[in-house]
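Q: Structure, please.
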Amino acid sequence: MSVVLSTLSLSPSERADYWHSVVSDTFVPLDVVLHEREPSVGTIATDRLGPLQFSVVEAGPQTVSRHAALISRGGGEYVTVTLQHRGTGRLTQDGIEALVLPGTFTCSDAGRPYRREQPDDFRFTAIRVPKSALGVSDADLRAVTGTVFDGRGGTSGVVAGYLEHLADRAAGFDPYTGRQLAMTAADLLTVLVRERQGRLNPHASEVARGMLVRVKEYILRHLADPDLSPERIAAAHHMSVRYLHKLFQPEGTTVSRWIHRERLERCRRELSRSSRTAPAVSAVAQRWGFANPSHFSRAFRTAYGMSPREWQSSTRAA
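A: Okay, here's the model as predicted:
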């Protein structure tokens, strides 16, 4: 269920202080300056899916900023992806100034100073993502912060579309499903970062790159299905199995190997998750499409240098 915070019941003179605390409590410590003598009503509706937080924000003209003193108070471990729905904005980070229009999105790193100006009434969806969920370095993140992405085409269009659908339905997912879908969202953002870093094949056509991203999104959504196969993936995208394999060739891997690696990574993450009771290794393996426990143990040891139980024990001890 969404948590909705609003200044509707407050008088205009009371709204500024309350809005400042609501914004900082919802996201990270921020300085908020409202540009109206009598502030408009502001509303934030928030849902959580696993480690991701989705917040739909509607308010009047304002500027939010984050500087060194606020960074020292915490929150530097997050990246915020903001999908602009209404109104224009301007994001400045690392000396780069980006004009934000409806239908575009931006990424801001809470570990470094930034400023976001909204000169008009606006509505956007802000997704707070832990950097640890992305598996990329702070240096890698500089390739996407302070940059405007088109939400209608290419890799960025796939990412925006997935995030929007997830945000619209966030309140209806059970905790387990929500966590799995959130992991897929984080993986798609990682693909976007790597593309901007030039780690996806620069010689592939735009059509092939876009198709590869859509194929990967499909795979990530169906990783738990043990019957997921190249034939099924190709049929779902109306292409031949041969063409599907060709899409993965520039990355130096095959479809099956990519699926195998992603499944192992999900298992590794789940086994390292801190909880009062450790999840059973066999249950985690089965949950991510490994039907044979002994095969899973061998594959895990090959990939990470220790058995699943050894990994689980070492991470819990740490």
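Q: before we move on, what SS does V33 have?
A: Following DSSP: H, G, I helix; E, B strand; the rest coil, the label given to V33 is strand.
Q: cool, D120 as well?
A: coil.
Q: Could you export the host helix or strand of F54 as CSV, CA atoms only?
A: Per DSSP states H and E: F54 is located in strand 52-59. This file holds the C-alpha atoms of strand 52-59, laid out as CSV (Å, rounded to 0.1, in the frame of the first residue of the first chain):
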residue,chain,number,x,y,z
LEU,A,52,14.0,0.2,-4.6
GLN,A,53,11.8,3.1,-3.6
PHE,A,54,9.2,4.6,-6.0
SER,A,55,7.9,8.0,-5.2
VAL,A,56,5.4,10.0,-7.4
VAL,A,57,5.9,13.7,-6.6
GLU,A,58,3.5,16.6,-7.5
ALA,A,59,4.2,20.1,-6.3
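Q: Can you list the strands that that strand pairs with?
A: strand 43-49 (antiparallel), strand 122-130 (antiparallel) (DSSP bridges).
Q: in the stretch 151-300 of the chain, which spans are helices?
A: Along the stretch 151-300 of the chain, the segments classed as helices by DSSP state H, counting those that start in this stretch run 154-169, 175-196, 206-221, 230-236, 241-248, 255-271, 281-287, 293-304.
Q: Make TSV out of these and add mean neighbour count.
A: Bear in mind the C-beta positions are built from the backbone N, C-alpha and C, glycine included. Listed next are the helices of the stretch 151-300 of the chain as TSV, based on neighbours: other CB atoms under 10 Å:
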stretch	mean neighbour count
helix 154-169	18
helix 175-196	19
helix 206-221	17
helix 230-236	15
helix 241-248	16
helix 255-271	18
helix 281-287	18
helix 293-304	15
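Q: closest to K131 out of these?
A: helix 175-196 (10.0 Å; CB to CB).
Q: what does the closest one rub up against?
A: Contact with helix 175-196 is made by 48-52, 81, 127, 129, 133-136, 140-141, 143-144, 147, 149, 155-156, 158-159, 162-163, 166, 170, 173, 200, 209, 213, 216-217, 220-221, 224, 262, 266, 269, as judged by CB atoms under 8 Å, 6 or more residues apart in numbering.
Q: In TSV, list the strands paired with strand 52-59 along with mean pLDDT and mean neighbour count.
A: Below are the strands paired with strand 52-59 laid out as TSV (pLDDT from 0 to 100; neighbours: other CB atoms under 10 Å):
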stretch	mean pLDDT	mean neighbour count
strand 43-49	95	19
strand 122-130	96	20
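Q: Adding distance to S2, write those out as a markdown table.
A: Below are these laid out as a markdown table (distance: least, CB to CB, whole Å):
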| stretch | distance to S2 |
| --- | --- |
| strand 43-49 | 5 |
| strand 122-130 | 12 |
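Q: mean pLDDT for the helices of the stretch 151-300 of the chain: which is lowest?
A: Lowest mean pLDDT of the helices of the stretch 151-300 of the chain: helix 206-221, a mean of 79.
Q: Among the helices of the stretch 151-300 of the chain, which comes closest to V64?
A: Nearest to V64, of the helices of the stretch 151-300 of the chain and by CB to CB, is helix 154-169 at 19.7 Å.
Q: Export that closest one to CSV, keeping only CA atoms.
A: Extracted as CSV, the C-alpha positions of helix 154-169 are listed here (Å, rounded to 0.1, in the frame of the first residue of the first chain):
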residue,chain,number,x,y,z
GLY,A,154,16.7,2.7,-27.7
THR,A,155,18.1,1.3,-24.4
SER,A,156,16.9,4.3,-22.4
GLY,A,157,13.3,3.8,-23.8
VAL,A,158,13.3,0.2,-22.6
VAL,A,159,14.5,1.3,-19.2
ALA,A,160,12.0,4.1,-18.9
GLY,A,161,9.1,1.9,-20.0
TYR,A,162,9.9,-0.8,-17.5
LEU,A,163,10.3,1.6,-14.7
GLU,A,164,7.0,3.4,-15.5
HIS,A,165,5.1,0.1,-15.6
LEU,A,166,6.7,-1.0,-12.4
ALA,A,167,5.9,2.3,-10.7
ASP,A,168,2.2,2.2,-11.8
ARG,A,169,1.7,-1.3,-10.4
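Q: Show me how far the strand holding F54 is from its chain's centre.
A: With CA atoms, centre = their mean, to the nearest Å as the basis, strand 52-59 stands 14 Å off its chain's centre.
Q: relative to strand 122-130, how tilted is the following helix or strand past it?
A: Counting by DSSP H and E, the element after strand 52-59 in chain order, helix or strand, is strand 62-66. Here strand 62-66 runs at an angle of 20 degrees relative to strand 122-130 (axes from the mean of the first three to the mean of the last three CA atoms, to 10 degrees).
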